[in-house]
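Colleague: below are the sequence and a predicted model; questions follow.
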Amino acid sequence: MESTESLTASLDAEVLRQRLASLAQAEGVRRWDLGASCSSDTSVQVDRGEAKQMKGAQRSAITLRVWNDDGLVGITSTSDLSDAGLARALAGARDASAYGNVDEIPDFSPLATAPLPELEQPLSTPLSILTLLDTLRDAERDLLGRHPAIGTVPYNGLAQRSSDRLYINSDGACRQQRLSTASLYLYARAEEAGRKPRSSGAVRLAYGAADLDVAGCVQEAAERTIAHLDYAPIATGRYTCVFSPEAFLDLIGAFSSLFNARAVLDGVSLSRRESLGEQLAVPFLSLHDNGLHPANVGAAAFDGEGTPTCRLSLLEGGVLRHFLHSEATARAFGVSPTGHAGLGAKVSVGPDWFEIGPTPGSGGGAPGLDRFAAGASGDDRGLVVIDSLSALHAGVKASQGSFSLPFDGWLVQDGVPRSIEAATVAGDIRTLLKAILGFEGPAKVTPDGLCPHVWVEGLSITGDA
Amino acid sequence: MEVFLERSDHLGLLAEQDSITSVSPAFGAGAGLRVFLGDRDGFVSTNDLSAVGLRAALEQALGMLGLVLPVQAGGGFDGLPELRDFAATKEGWLQACPSLAEATSRLLEGTDRLQAHGQHLQVRRGSYARDWQEVLVAASDGTFARDVRLHQSVGLNVLAADGDHRASLGRRYGTSDSPDDLRRWDAEAAAVDVCSSAGTMLYADYVEAGQFPVVLANRFGGVIFHEACGHLLETTQVERATTPFAEMVGQPIAHPSLTAIDEGLTAAAFGSMSMDDEGMEPQRTVLIENGILQRFLSDRAGERRTGHPRTGSGRRQSHAFAAASRMRNTFIAAGPHTPEELIASVDRGLYCKSMGGGSVGPTGQFNFAVEEGYLIENGTLTKPVKGATLIGDAKEVMPRISMCANDLELAAGFCGSVSGSIFVTVGQPHIKVDTITVGGR
């Protein structure tokens, strides 16, 4: 294999465009586009003061899409960016195009040359891996010292990445984005004598490892873990529940096919083409997808088809306003692409980063909600606070609307929280969206979006008591 | 140190209704270099297989451990021995697989059969994946081996809808090292199976939550052991101190009726291999025998860090991951009972005919979804129920598996964990769990 050093260090868009144009001309391919990326990563994990594993990675990848003489599309992906690799990928894509879907032929995005949004994304110089190691060791030591019951931090990691991403097409579109990001996660395990082990943690993201809020991550991981040490079983029944911002965003993300034009066209969404304008949720709920939010670390300026990222209203006053689109779905709906496409033989569509909160002028539901106020739930049973949901891949049936999910959380009675030993929450997303009582507190920034605590009435909880 | 070189060739196909809607070929190559120093290790992966690229990766891995080139060879390394070439008889496998034309034709046959056998079908999908991989492993302990792996899987999924009633169901079938696999696939039987289950579940009520005895069907029912116990018997969990069984070898951890095995040897099974991703030939590893914990699954790093001997279980998704101790074909051994005896022993409980996915957390708490369930009332199956999730704690549930039937079967699956997504088999006969928490409405 030929060296790909010049491409893996960073992508030279013009060189790659010329190589593809030359290869395509030789093969008789007149119309093509590609998405390419390369990245350099370093990461560390520690175990009770010792380095457990240190990792580095150099990755490169390209997805090449061609249109054949009949107008049908084929693709091939490869990590081999040498001339031989690109030639093989081009030939593979042309062969695959013979089986292109005649019922839905993708085209270039009409916005592939539109101006891109300005993003404030400072590029950071990577730290040495030994500096990462020292930082993580210190964080682990700090967390272990927060409570005698915290014995290990079994899941931890400090990682940094430099990446470069391209979209190019044969009509002259050329997009490029360079980015640096870093992440820290700390999940502690705590156990008191004669009791079951408990676990919780926290995550932080930043544009560079030096900018990570390490102290905040340690503090949050410690607080969450310690808060689950005193636990009790919960009785099975229906409860008013308060979702943490993270938990509610996870749930909405798992049911994002509600807003996905691809899923609508495929018949696997609970929404239909004519659902736009329908009341999907309580009249005070707003939901936007906004990959451009300044708190969205690592935001993409353009999607897999080169369409600029934008802020899109999905629910306003609980009413379904827009769907997420690729070029092909937008064409089918007679609208513009929204910047939510991947790049593939069948182009996928997905959300970027959610903003959830009260619709301006709607009153925002029940006022003054406070989960720790005495009598907040209005009955003796208490209030269930859902801190984090698990196993969404297994417990969510997006095409049916149902969910049954294990969670970590607290039962709050008379303002006093006590961790729940083990439980599941079950329901239907359509019912849940219309059973929202209101919001508590200001919206919190999380890795997946912006959301306040969300109160929902009448959810089924299964416990061990 | 260890070098892992890989070439891969993938094909993914999707058929929807009566059309092929996605043909996704992919190919690649890369290397993973791992350097050990005491209990520590540095790992670097790269797509750049030039001499310059590989040297840069090596220097980066060494630098993580405070080492620089030239490194004095230690541990008595005196060069690599003759190559153990497990791939010699497998050179023609990729070419022997079905062509694009043949594969797309078979998938469309599957969606056509769904149409013939299903009712109220809103969506019919068939999918096929073919993964070919060539690997070369060389290590300073004298390991020098090459292998070729071939995995193929084909699945059918439907979404049935009638008014407010909806049911989505699927089945996936997979084998390893069998180029003819897709040609032998029984599309008719697969479609009948999926349509029958979808028709039953379309009008099912939601299950009532509570604590019940549960009978789990054979084949993919084995996911309960995989999630609830199997992961906790990997040395990666011993290293993290996240398994409750770390100090329990030779002690009872399960009901005396339970024997469990992990192996990589069963012909054509999804988790079988000629060698693991560290060049070691797989073994048949008895994990639990009559309820007594026998041993852990271990890889090279696990052996260094925990002392548990390697079992040929070092596995990784690709060169981009360091190998870790992972399961292969994992199953509960057959017992003396018939499935009917298990069901007859339950007055009121749940029969889980088909399982969805599941997971296990850092404290041993596991959960998994029931895709197709039925109530057991007075020892017989009655109405279908949906929306059930089984949750529990491994240490508490294992002693409650009190009856094993005589109908062991295996099922192909995918397992995601520390070293990526890998091909595995789960399996069991029908088993009875005396009581477990069933999440529902």
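Modeller: Received, thanks. Residues are numbered from 1 along each chain as shown, chains lettered A, B, ... in the order given.

Colleague: return the residues in contact with residue A:255.
Modeller: Residue A:255 is in contact with A:270, A:396, A:398, A:401, A:403, A:429, counting by CB atoms under 8 Å, 6 or more residues apart in numbering or on different chains. Any C-beta I mention is one placed from the backbone N, CA and C, and that applies to glycine too.

Colleague: among those, which are in reach of chain B?
Modeller: Contacts with chain B are made by residue A:401 out of those, judged by CB under 8 Å from any CB of the partner chain.

Colleague: which of the contacts of residue A:255 fall in helices?
Modeller: Under the assignment DSSP state H, the contacts of residue A:255 contribute residue A:429 to helices.

Colleague: most surrounded residue in the contacts of residue A:255?
Modeller: Of all the contacts of residue A:255, residue A:403 has the most neighbours under the rule other CB atoms under 10 Å in any protein chain shown, reaching 25 neighbours.

Colleague: wait, isn't that one in contact with residue A:427?
Modeller: Yes. Residue A:403 is within contact range of residue A:427, at 6.2 Å (criterion: CB atoms under 8 Å).

Colleague: coming back round to it: of the contacts of residue A:255, which is the nearest to residue A:347?
Modeller: Using CB to CB, residue A:398 comes nearest to residue A:347 of the contacts of residue A:255, at 18.9 Å.

Colleague: model confidence for the nearest residue to the closest one once chain neighbours are set aside, exactly?
Modeller: Leaving out its chain neighbours, the residue that sits closest to residue A:398 by CB to CB, 6 or more residues apart in numbering or on different chains is residue A:257, at 4.8 Å. As predicted, residue A:257 sits at a pLDDT of 98.

Colleague: can you give the domain ranges for the chain?
Modeller: The chain I'm using is chain A. A:5-224, A:230-465 (automatic domain parsing).

Colleague: if you could check chain B rather than the one you did, that'd help
Modeller: With domains defined by automatic domain parsing, chain B comprises B:2-203, B:206-439.

Colleague: tabulate those in a markdown table, adding columns for distance to residue A:170.
Modeller: Output for the domains of chain B, formatted as a markdown table (distance: least, CB to CB, whole Å):
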| stretch | distance to residue A:170 |
| --- | --- |
| domain B:2-203 | 20 |
| domain B:206-439 | 31 |
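
Colleague: same list, the ones you listed, but as CSV with mean pLDDT, mean neighbour count and distance to chain A please.
Modeller: Formatted as CSV, these follow (pLDDT from 0 to 100; neighbours: other CB atoms under 10 Å in any protein chain shown; distance: least, CB to the nearest CB, whole Å):
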stretch, mean pLDDT, mean neighbour count, distance to chain A
domain B:2-203, 95, 18, 4
domain B:206-439, 94, 22, 3
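
Colleague: can you tell me which of those domains is nearest to residue A:453?
Modeller: Nearest to residue A:453 among those is domain B:206-439; the distance by CB to CB comes to 23.0 Å.

Colleague: got the end-to-end distance for the closest one?
Modeller: This stretch, domain B:206-439, spans 10 Å end to end (CA to CA, to the nearest Å).

Colleague: which SSE is the residue sitting furthest away from the middle of chain B in?
Modeller: Here chain B reaches farthest from its C-alpha mean at residue B:70, the gap being 40.6 Å by CA atoms, centre = their mean. Following DSSP states H and E, there is no helix or strand that holds residue B:70.

Colleague: pretty sure residue A:269 contacts residue A:257?
Modeller: Yes. Using CB under 8 Å, residue A:269 is in contact with residue A:257, at 4.5 Å.

Colleague: could the contacts of residue A:255 be laid out in JSON lines, adding pLDDT?
Modeller: What follows is these, written out as JSON lines (pLDDT from 0 to 100):
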{"residue": "A:270", "pLDDT": "97"}
{"residue": "A:396", "pLDDT": "94"}
{"residue": "A:398", "pLDDT": "96"}
{"residue": "A:401", "pLDDT": "95"}
{"residue": "A:403", "pLDDT": "93"}
{"residue": "A:429", "pLDDT": "98"}
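
Colleague: would you mind finding the longest helix in chain B?
Modeller: For chain B, the longest helix by residue count, based on DSSP H, is helix B:100-117.

Colleague: what is whichever helix or strand comes after it packed up against?
Modeller: Downstream of helix B:100-117, the next assigned helix or strand under DSSP H and E is strand B:121-139. Contact analysis of strand B:121-139 by 3 or more CB pairs under 8 Å, 6 or more residues apart in numbering or on different chains; DSSP states H and E lists strand B:2-16, helix B:100-117, strand B:144-162 as its packing neighbours.

Colleague: quick one: residue A:107 is in a helix?
Modeller: No. Assigned with DSSP: H, G, I helix; E, B strand; the rest coil, residue A:107 falls outside any helix and is coil.
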